[in-house]
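Chemist: Here's my sequence, what's the structure:
(one chain, ligands or ions: 1)
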Amino acid sequence: MAARREMVLNAFTMNCVGHINHGLWTHPRDRSADYTSLDHWTALARTLERGLFDAAFIADVSGVYDVYGGGIGVTAREAVQLPVNEPTLLVPAMAAVTRHLGFGVTVNIAGEHPYTFARRMATLDHLTGGRVGWNIVTGYLDSAARAVGRDGLDGHDTRYDRADDCLDLLYKLWEDSWDDDAVRRDRTARVYADPAKIRAIHHEGPFFRSAGVALSAPSPQRTPVLFQAGSSGRGQLFAARHAECVFISAPDRAAARRAARGLREAAAAAGRDPSGLKVIMGLTVVAGETASAARDRLADYVRHASPEAGLAHFGAGSGIDLAPYGLDEPISTAPSNAIRSTTEAAQRRGATKRQLLAELALGGRYPLAVGTGAEVAAEMEGWMDEGEVDGFNLTRTVEPECWEDFVALVVPALQERGIHKTSYREGTFRRKLFGRGDRLPAGHAGRRSGA
Ligand SMILES: Cc1cc2nc3c(=O)[nH]c(=O)nc-3n(C[C@H](O)[C@H](O)[C@H](O)COP(=O)(O)O)c2cc1C
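Modeler: Below you'll find the model as predicted:
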């Protein structure tokens, strides 16, 4: 049999209690409320590396979900991404107990100036030996903008324009300021770094200005592996230019295929090799020793889930307050300034609150795969073959058992099908993912920046 392509496998998590599948913190075996302890994260890192996961993908928001019911009532009671701690600080601890696991860390570009952010990511890339990725987010919460003294979010497309400018500046800092051989560490000559091989960058963009030398010496990957999740037209244009991994959420295989093809075509139109772009979908898995054990486990989880907390999450993502809606009332078609693709998808299928609550039975909005390891593996292969995705971000349910179950039951079945690795490749996160070099590939916007 011909060798099958191996999937990209990420664990989707967040430095908080309730991430995607809300309400499960009430399950007696759930330990997500231990998120403030380092042991919680180092144990997760070890489990993921045992299962040969490519990365822990750490989501983040920098505001609160205060759209549903016009406040944070449900959000606080159900810990819907509140409280939420800072994501990048988890990485060194998780890296210290692993050798291969990568990290996809979400950082909102609105949070700080690209000059200081470039150093933070370069530091992580150094400390992890080149195992860092960045999930580029532009923000969708008015609450986040108000919290740092602004009147509200910029317009949807302006946020992407700002992100383009931010990336152009970051590429100069990461790629152009220091030559590869700038650091000499030559004791005899008393030259640690050669000033002739270090230059100031100059950036005068529509949103950011910077003149200066990058603070960090080149890290193994220089630019971290770039993840992005925009699905709107403008979001896809941004992904086509910058993203190496694009995260999509698709309700069925046809929708996944459309999104994956659209992204690859957009990357080709932007002059890139489409095979340099991995499309990764969100998926929730509930596995059991037998099919009926898996169904029982799902039913047990659903009893602890909070679909209303899911609505509070959805409300913030879509910008629509669903609290006042009747169960069967059609949801507003007014355009929103939040996640455009979420609103458009809900409007296209004429979703009602009753339908959303049913979809949110386990609190989340990702497709669900339930069954034995072999059944789940077959379903994942189907998403790859028919949905044309390259891999998965698995949402957490009751943790840590969801990760332990996946590693024990599903990973061997995936390996049997030849769609999951049996050992890690050596090298950086980028080399492991693409089987090529450590640095951004030729043809990528970041390689053409020019200081
Ligand atoms: C599956 C998925 C995961 C996302 N994760 C985050 C996240 O962790 N933090 C965040 O601020 N935005 C997150 N977003 C929002 C995106 O970064 C982006 O703002 C949004 O998808 C914009 O969408 P649009 O281009 O469709 O309007 C996520 C979006 C999707 C679809």
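Chemist: For the residue in the chain positioned nearest to the ligand, grab the count of nearby residues.
Modeler: Of all residues in the chain, the one sitting closest to the ligand is G235 (2.6 Å; C-beta to the nearest ligand atom). Heads up, the C-betas are built off the backbone N, CA and C, glycines and all. G235: 24 surrounding residues under other C-beta atoms under 10 Å.
Chemist: ok, it touching R159?
Modeler: No. Here G235 does not reach R159: they are 9.5 Å apart, not a contact under C-beta atoms under 8 Å.
Chemist: which residues are in contact with the helix or strand encompassing L169?
Modeler: Assessed by DSSP states H and E, L169 sits inside helix 156-171. By C-beta atoms under 8 Å, 6 or more residues apart in numbering, the residues outside helix 156-171 that reach it are 109-110, 114-115, 117-118, 136, 138-139, 153-154, 201, 203, 205-208, 210, 223, 230, 232, 234-235, 237-238, 241-242, 337, 340, 445-446, 449.
Chemist: Just those: which are in strands?
Modeler: The strands, defined by DSSP state E, take in 136, 201, 203, 210 from the contacts of helix 156-171.
Chemist: I'd like those residues written out as CSV, with neighbour count and distance to R354 added.
Modeler: Compiled in CSV, these are given as follows (neighbours: other C-beta atoms under 10 Å; distance: C-beta to C-beta, whole Å):
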residue, neighbour count, distance to R354
I136, 24, 35
I201, 22, 54
H203, 21, 50
S210, 19, 51
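Chemist: what's the closest of the residues you listed to T372?
Modeler: I136 (37.0 Å; C-beta to C-beta).
Chemist: Please name the bridge partners of that closest one.
Modeler: Counting by DSSP bridges, I136 is bridged to V107, Q228.
Chemist: and it, what does it touch?
Modeler: Contacts for I136 (C-beta under 8 Å, 6+ apart) come out as 107, 109, 163, 167, 226-228, 242-243.
Chemist: One more: D179?
Modeler: Listed by C-beta under 8 Å, 6+ apart, the contact set of D179 reads 197-198.
Chemist: ditto for the one 3 residues further on
Modeler: Contacts were defined as C-beta under 8 Å, 6+ apart; by that measure A182 touches 193-194, 197-198, 217-218.
Chemist: hmm, 10 Å instead?
Modeler: Neighbour list for A182: 192-199, 217-218 [criterion: C-beta atoms under 10 Å, 6 or more residues apart in numbering].
Chemist: returning to what we had before: show the model's pLDDT score for the residue of the chain closest to the ligand.
Modeler: pLDDT, G235: 91.
Chemist: Now the buried members of the contacts of A182.
Modeler: The neighbour count (16 or more other C-beta atoms under 10 Å) marks 193, 199, 218 as buried among the contacts of A182.
Chemist: Can you tell me which residues in the stretch 1-150 of the chain are near the ligand?
Modeler: 59-61, 106, 108, 137-140 (C-beta under 6 Å from any ligand atom).
Chemist: Now do the shared contacts for G235 and R159.
Modeler: T138.
Chemist: so what's the residue lying closest to H27 once chain neighbours are set aside up against?
Modeler: Closest residue in space to H27, ignoring its immediate chain neighbours: H304 at 4.3 Å, by C-beta to C-beta, 6 or more residues apart in numbering. For H304, the contact set (C-beta under 10 Å, 6+ apart) comprises 21-30, 362-363, 397-398.
Chemist: can you pick the most crowded of those residues?
Modeler: That'd be N21 among the contacts of H304, by other C-beta under 10 Å, with 31 neighbours.
Chemist: rewinding a little: distance from the chain centre to the helix holding L169, please.
Modeler: Helix 156-171 has its average C-alpha position 18 Å from the chain's average C-alpha position, going by C-alpha atoms, centre = their mean, to the nearest Å.
Chemist: Can you mark which positions in the helix or strand that it is followed by are buried?
Modeler: Once the chain leaves helix 156-171, the next helix or strand it forms, by DSSP H and E, is strand 183-186. Neighbour-count burial for strand 183-186, counted by 16+ other C-beta under 10 Å, picks out V183.
Chemist: Strands of the protein, residue ranges please.
Modeler: Using DSSP E, strands in the chain cover 8-14, 55-59, 102-108, 132-137, 183-186, 191-193, 201-204, 209-212, 225-228, 245-248, 278-287, 368-371, 391-395.
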